[in-house]
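Q: when you get a sec, could you give me coordinates for this:
(chains A, B, C and D)
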There are 2 protein chains.
Amino acid sequence: MQVKETKRNAATSAKPLSRIQEANRKAILNAAIEVFAASGFRGATIDEIATRCGMSKPNLLYYFKSKRQIYQQVLEQTLGEWLAPFEDIDPDGDPIEELRRYITVKLKMSEDNPNASKLFANEVLHGAPVIGEFLETRLKNLVNEKAKVIRHWVGEGKLAPIDPYHLIFMIWATTQHYADFDVQIRAVLGTQAGRPGFYEQAGQAILSIILYGIRPR
Amino acid sequence: MQVKETKRNAATSAKPLSRIQEANRKAILNAAIEVFAASGFRGATIDEIATRCGMSKPNLLYYFKSKRQIYQQVLEQTLGEWLAPFEDIDPDGDPIEELRRYITVKLKMSEDNPNASKLFANEVLHGAPVIGEFLETRLKNLVNEKAKVIRHWVGEGKLAPIDPYHLIFMIWATTQHYADFDVQIRAVLGTQAGRPGFYEQAGQAILSIILYGIRPR
DNA sequence: GTCTATAATTCGATAGAC
DNA sequence: GTCTATCGAATTATAGAC
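A: All right, here's what the predicted structure looks like:
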């Protein structure tokens, strides 16, 4: 059981939030990711985000002081979970199994949370104005680290001599394509694309080509 | 040598355009593809398109009656050339060589004309409001046709038993990724990504994985 | 055909009552 | 905390002079 919000302490930098405040913030961010994913930063309107969580525009702006602040918050929130499975690639694991698992998880993320993928695609497509610095620092370091792992695997003869960076890009491109271009895939395949098992089928096809393509030969 | 524009004939439905008109229209469309690719439909402004081809806003609207009309024109213009190499896949050619050529051409298109790729990515990402019908008709038919070709190749034992549709999506995703996400690639790879020969390197990596991955086994 | 000026609209953000 | 009302900036599109 929890008491009412404790009095604000001017000395603390992080102000505590009531449960209502927390709930409202979360509702806003959930609505925002949908709208930003569908329309991009410029195309999204505060009004639509507000309406989607049953709030008025000024009330929403009571919680976030600007449209850009909501956008940054949503991006930051998603960035961590988006990279987690990439970080999880284990240098000591079996190369083919590690990559199989990564591809599978990444494709599942496209299926379960296409909006997160679309959000990033939009941001990067428009020049990454907000996460540009993140890409040049943390992502760059992380990719270099994992590229080194793959190169090591190649050196051990456990993988064919492929370029680690282009392999990583291929995995990202292929898996995220199913989220970012879902409209096109649905248009081409019709109802088939929405059926249960579709993503399993896609996963098998992708794994079959890539894993066989990087097998030592 | 050419005389001045001939008098308009009210009976002809297609009105002839003077050379100046033609040149101006082309200049507008060239500027428009850059701006739409960089900012999307909503983010692009007529003012920026106009400025980029040394024109005033009202003057540009003398040639195209609305922002949407420019956008549709640019999309239509690019759609044909975009699909041409896909149509060129020859059912009677050698499967591996046909796909090698297609992947190579597609990657070169991403290198030479990234804006066309970004334009489509934006349009599809936002639900394909303009080219949606095209995707469901002409593109769908074309993909079905080529899928049949690939399936036939598989049946002949010239390719491993892979799903044709997912192979096509993988090729599209991977090659277009280098245009659509060029900012991310540049951020991760630094100056290396801009160097001459980078796309050749990418092409070799992609071809190495995919072509080996679909080889009969 | 090209310009200046401006109408009309949309949208982010704020003021201030409750 | 939430609302109504509204300001101000940006932007599409048009009117009308030249």
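Q: alpha carbons only for contacts and neighbour counts from here, please
A: Noted.
Q: show me the domain layout of chain A.
A: By the assignment in automatic domain parsing, chain A contains the domains A:19-65, A:76-213.
Q: out of those domains, which is closest to B:V105?
A: Evaluated over the domains of chain A, closeness to B:V105 peaks at domain A:76-213, with 17.0 Å, by C-alpha to C-alpha.
Q: quick one: the closest one near chain B?
A: Yes - using C-alpha under 8 Å from any C-alpha of the partner chain, domain A:76-213 reaches chain B at A:118, A:121-122, A:124-128, A:132, A:135-136, A:139-141, A:143, A:162-163, A:166-167, A:169-170, A:173-174, A:177, A:180-181, A:183-184, A:187-189, A:202, A:205-206, A:208-213.
Q: the residue nearest to A:E111 when sequence neighbours are not counted: which element?
A: Among residues not flanking A:E111 along the chain, A:A179 sits closest, at 6.6 Å (C-alpha to C-alpha, 6 or more residues apart in numbering or on different chains). Assigned by DSSP states H and E, A:A179 belongs to helix A:164-180.
Q: put the alpha carbons of that helix into PDB.
A: Presented in PDB, the C-alpha positions along helix A:164-180 are these (Å, rounded to 0.1, in the frame of the first residue of the first chain):
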ATOM      1  CA  PRO A 164      31.100  -9.000 -40.600                       C
ATOM      2  CA  TYR A 165      29.700  -5.500 -41.100                       C
ATOM      3  CA  HIS A 166      27.800  -6.400 -44.300                       C
ATOM      4  CA  LEU A 167      26.500  -9.600 -42.600                       C
ATOM      5  CA  ILE A 168      25.100  -7.500 -39.700                       C
ATOM      6  CA  PHE A 169      23.600  -5.000 -42.100                       C
ATOM      7  CA  MET A 170      22.000  -7.900 -44.100                       C
ATOM      8  CA  ILE A 171      20.400  -9.300 -40.900                       C
ATOM      9  CA  TRP A 172      19.100  -5.900 -39.900                       C
ATOM     10  CA  ALA A 173      17.700  -5.100 -43.300                       C
ATOM     11  CA  THR A 174      16.000  -8.500 -43.800                       C
ATOM     12  CA  THR A 175      14.400  -8.800 -40.400                       C
ATOM     13  CA  GLN A 176      13.300  -5.100 -40.200                       C
ATOM     14  CA  HIS A 177      11.900  -5.200 -43.700                       C
ATOM     15  CA  TYR A 178       9.000  -7.300 -42.500                       C
ATOM     16  CA  ALA A 179       8.000  -4.500 -40.100                       C
ATOM     17  CA  ASP A 180       8.900  -1.400 -42.100                       C
END
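Q: mind listing what's buried along whichever helix or strand comes after it?
A: Sequence order places helix A:182-189 as the next helix or strand after helix A:164-180, per DSSP H and E. In terms of neighbour count (16 or more other C-alpha atoms under 10 Å in any protein chain shown), helix A:182-189 has its buried residues at A:D182, A:V183, A:Q184, A:I185, A:R186, A:A187, A:V188.
Q: ok, now stretch A:187-199?
A: By 16+ other C-alpha under 10 Å, the buried positions in stretch A:187-199 come out as A:A187, A:V188, A:A193, A:Y199.
Q: mean confidence score for it?
A: Per-residue pLDDT over stretch A:187-199 has a mean of 97.
Q: need the domains of chain A in CSV with distance to DNA strand C, can you?
A: Formatted as CSV, these follow (distance: least, C-alpha to the nearest atom of the strand, whole Å):
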stretch, distance to DNA strand C
domain A:19-65, 3
domain A:76-213, 15
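Q: about what we covered before: just the buried ones from the residues of domain A:76-213 next to chain B, in ChimeraX syntax?
A: The ChimeraX selection below is limited to those of the residues of domain A:76-213 next to chain B classed as buried (16+ other C-alpha under 10 Å):
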select /A:118,121,122,124,125,126,127,128,132,135,136,139,140,143,162,163,166,167,169,170,173,174,177,180,181,183,184,187,188,202,205,206,208,209,210,211,212,213
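Q: does the lengthiest helix in chain A reach DNA strand D?
A: In terms of residue count, the longest helix belonging to chain A (DSSP state H) is helix A:19-43. Yes - using C-alpha under 7 Å from any atom of the strand, helix A:19-43 reaches DNA strand D at A:I20, A:Q21, A:N24.
Q: would you mind giving those as JSON lines with neighbour count and pLDDT added?
A: Shown next, in JSON lines, are the residues of helix A:19-43 next to DNA strand D (neighbours: other C-alpha atoms under 10 Å in any protein chain shown; pLDDT from 0 to 100):
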{"residue": "A:I20", "neighbour count": "9", "pLDDT": "86"}
{"residue": "A:Q21", "neighbour count": "12", "pLDDT": "86"}
{"residue": "A:N24", "neighbour count": "16", "pLDDT": "96"}
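Q: which parts of the longest helix of chain A are buried?
A: Within helix A:19-43, the residues that count as buried by 16+ other C-alpha under 10 Å are A:24-25, A:27-29, A:31-41.
Q: those also near chain B: which ones?
A: Of the residues in those, proximity to chain B by C-alpha under 8 Å from any C-alpha holds for A:A38, A:S39, A:G40.
Q: I'd like the domains of chain A laid out as TSV, including distance to B:A147.
A: Shown next, in TSV, are the domains of chain A (distance: least, C-alpha to C-alpha, whole Å):
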stretch	distance to B:A147
domain A:19-65	30
domain A:76-213	11
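Q: can you tell me the SS state at the residue positioned nearest the centre of chain A?
A: In chain A, the centroid-proximal residue (C-alpha atoms, centre = their mean) is A:W82; its distance is 3.9 Å. Classification of A:W82 by DSSP: H, G, I helix; E, B strand; the rest coil places it in helix.
Q: dump the residue contacts of A:G155.
A: For A:G155, the contacting residues are A:P161, by C-alpha atoms under 8 Å, 6 or more residues apart in numbering or on different chains.
Q: any idea how far DNA strand D is from it?
A: For A:G155, the distance to DNA strand D equals 52 Å [C-alpha to the nearest atom of the strand, to the nearest Å].
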